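Chemist: Fold the following and give me the result.
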Amino acid sequence: MSGHSKFANIKHKKEKNDAAKGKVFTIIGREIAVAVKEGGADPANNSRLRDVIAKAKANNMPNDTIERGIKKAAGDASSVNYEVVTYEGYGPNGTAIIVDALTDNKNRTAANVRNAFTKGKGNIGTQGCVSYMFDKKGQIIIDKEECDMDPDELMMMALDAGAEDFADEEDSYEIITDPDDFSAVREALEAEGIPMADAEVTMIPQTYVELTDEQDLYNINKILSLLEEDDDVQVVYHNWEE
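Modeler: A predicted model of the protein is given here:
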């Protein structure tokens, strides 16, 4: 994991997010709706909802907005049925891209995702064509400036809670978990008041692809920017070495 900490990227994304909170809050609002529909409106009995709430707070979503989203989803559970859909494909020079979306119209979303790949000279592939190049893991990022705990103590706390790995990066700590243990580890850190810059189950590339050709760089950025603009797209994973 060393050398591939995404903390700088997270900070970059948060800066962009601050300028486009509506998009971020829409994404998280849909995740809240799905979590409530699957497990109920009480976070105490719904670990997925607890995780989404933690993600919402990490993205500076106000508490009243979170509560409104939960109440709306609980009282309106039959209104909109969001489906989870995943697309896999290739960007320039064989870069692997995975797109997770929540949609109420699969045809619209599929067309938009395909259009993003096409405009960036990429190709949509079949299910599983690139996901084998990634590991599904829980990932918790802690900003060193926000955490004054001794690194060894923090590492032992994380490992005792069930973490698989702990990395001491230049400006952050990175904790990796099995997806099934993510909630328990995150909640253990939260209970100790450990601030988390980012905490989610994610797809971590096993290897990275470096792009140096200007046209390749233009194309990968074209694909990613078009996907980011799509309200149905929740998250995009890729193995481009940015």
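Chemist: Which SSE is immediately downstream of the longest helix belonging to the chain?
Modeler: Across the chain, the longest stretch assigned as helix under DSSP state H is helix 21-39. Counting by DSSP states H and E, the next helix or strand C-terminal to helix 21-39 is helix 47-58.
Chemist: buried stuff in that following helix?
Modeler: Across helix 47-58, burial judged by 16 or more other Cβ atoms under 10 Å covers S47, R48, L49, R50, D51, V52, I53, A54, K55, A56, K57, A58. Heads up, the C-betas are built off the backbone N, CA and C, glycines and all.
Chemist: Now do Q127 against T109, distance only.
Modeler: Distance check for Q127 against T109: by Cβ to Cβ, to the nearest Å, it reads 15 Å.
Chemist: For the two, indicate the residue with more neighbours.
Modeler: T109 (21 against 9; other Cβ atoms under 10 Å).
Chemist: so what's that one up against?
Modeler: Going by Cβ atoms under 8 Å, 6 or more residues apart in numbering, T109 touches V85, A101, T103, D230, D232, V233.
Chemist: Take the residues you listed and keep only those in strands.
Modeler: Judged by DSSP state E, strands contain the following of those: V85, A101, T103, V233.
Chemist: what about the strands in the chain?
Modeler: 83-90, 96-103, 123-124, 134-143, 165-168, 172-177, 198-205, 233-238.
Chemist: can I get those in a markdown table with distance to E67 and mean neighbour count?
Modeler: A markdown table is the format used below for the strands of the chain (distance: least, Cβ to Cβ, whole Å; neighbours: other Cβ atoms under 10 Å):
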| stretch | distance to E67 | mean neighbour count |
| --- | --- | --- |
| strand 83-90 | 24 | 17 |
| strand 96-103 | 20 | 23 |
| strand 123-124 | 38 | 15 |
| strand 134-143 | 24 | 19 |
| strand 165-168 | 34 | 16 |
| strand 172-177 | 28 | 23 |
| strand 198-205 | 20 | 19 |
| strand 233-238 | 21 | 20 |
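Chemist: Can you say which of the ones you listed is nearest to K72?
Modeler: strand 96-103 (15.4 Å; Cβ to Cβ).
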